[in-house]
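Q: A predicted structure for the sequence below; I have some questions about it.
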Amino acid sequence: MPFTLPELPYAYDALDPYMSAETLEFHHDKHHAAYASKAADLITGSGLEGKSLEDIVYASFQDPSKSALFNNAGQHWNHLQFWQSMKPKGGGVPPGKIMAKIDEDFGSFEAFRGKFIEAGIGQFGSGWCWLAMDPQTGRLEIMKTLNAESPIAHGKTPLLTCDVWEHSYYLDYRNARPKYLEAFVDHLVNWEYVEELLARGPIKF
């Protein structure tokens, strides 16, 4: 079922001290759960029943009459990626193929790090920042999106995401979004998952 809420891939306190158990409990069990539940209600009668979650997000984004479904399905999908984008003792310079690709497309890890953090800081209001791949060029790029939008709404392939809605960091960092983004990149990123998505290639619609 596309709107089933899975458990987190780690314990609630596993990301301490960079993300607290209290933040994960509220964020996953309240915010994410509400998006999944609402999307499950809205899919009925939409004409998108039986589609994959990615197809539902992409199709509902294209149809203004399905904006409520898009907002909730999009947020559900985005959060699924966010939880997988993190792991205990993560972050820092990535291994293997993803590092070579970052060097190729950004020049260095430090250049990527700066652009990613800058995108997250510069996302006005609620939204997300992403590392994505453009299937037309095969190049990596940094994106920022508003509210429930993601690269898949624009035909691109997400590889890494950081949630910059205030509920994702306010309990731990108050209004210091830059410190939250620095902690995410330096201590939380699950680079193995990013490499897995890179190896899968573009999402097909």
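A: Received it, and whenever you're ready, just let me know what you need.
Q: okay, the spatially most central residue of the chain: pLDDT?
A: With distances taken as Cα atoms, centre = their mean, the residue of the chain nearest its centroid is Thr161 (3.2 Å). Confidence at Thr161, expressed as pLDDT, is 98.
Q: Specify the local secondary structure of the residue of the chain positioned farthest from its centre.
A: In the chain, the residue that sits farthest from the middle, by Cα atoms, centre = their mean, is Gly45; the gap is 27.5 Å. Under DSSP: H, G, I helix; E, B strand; the rest coil, Gly45 falls in the coil class.
Q: Which pLDDT value goes with it?
A: 96.
Q: which residues sit in contact with it?
A: Applying Cβ atoms under 8 Å, 6 or more residues apart in numbering to Gly45 gives no contacts. C-beta coordinates here come from the backbone N, C-alpha and C atoms, glycine included.
Q: just the one 3 residues further on next, same as before
A: Neighbouring residues of Leu48 by Cβ under 8 Å, 6+ apart: 55-56, 59-60, 66, 69.
Q: mind redoing it with 10 Å?
A: 2, 42, 55-60, 63, 66, 69, 73 (Cβ atoms under 10 Å, 6 or more residues apart in numbering).
Q: Identify the farthest-apart pair in these.
A: Pairwise distances across the contacts of Leu48 peak at 17.1 Å for Pro2 and Asp63 (criterion: Cβ to Cβ).
Q: of those two, who's got more company?
A: Between Pro2 and Asp63, Pro2 has the larger neighbour count (other Cβ atoms under 10 Å), namely 21 against 13.
Q: and that one, helix, strand or coil?
A: Under the three-state scheme (three-state DSSP), Pro2 adopts coil.
Q: Same question for Tyr18.
A: Assigned state for Tyr18: coil (three-state reduction, three-state DSSP).
Q: what's the distance between it and Glu25?
A: 16 Å (Cβ to Cβ, to the nearest Å).
Q: what do you get for Asn78?
A: 19 Å.
Q: Mind checking which of the two has more residues around it?
A: Asn78 (25 against 14).
Q: so what's that one closest to, chain neighbours aside?
A: Nearest residue to Asn78 in three dimensions, chain neighbours excluded: Ser150, at 5.4 Å (Cβ to Cβ, 6 or more residues apart in numbering).
Q: now His28
A: Leu8 (5.7 Å).
Q: Would you agree the one you found is in contact with Ala33?
A: No: assessed by Cβ atoms under 10 Å, Leu8 is found out of contact with Ala33, at 11.7 Å.
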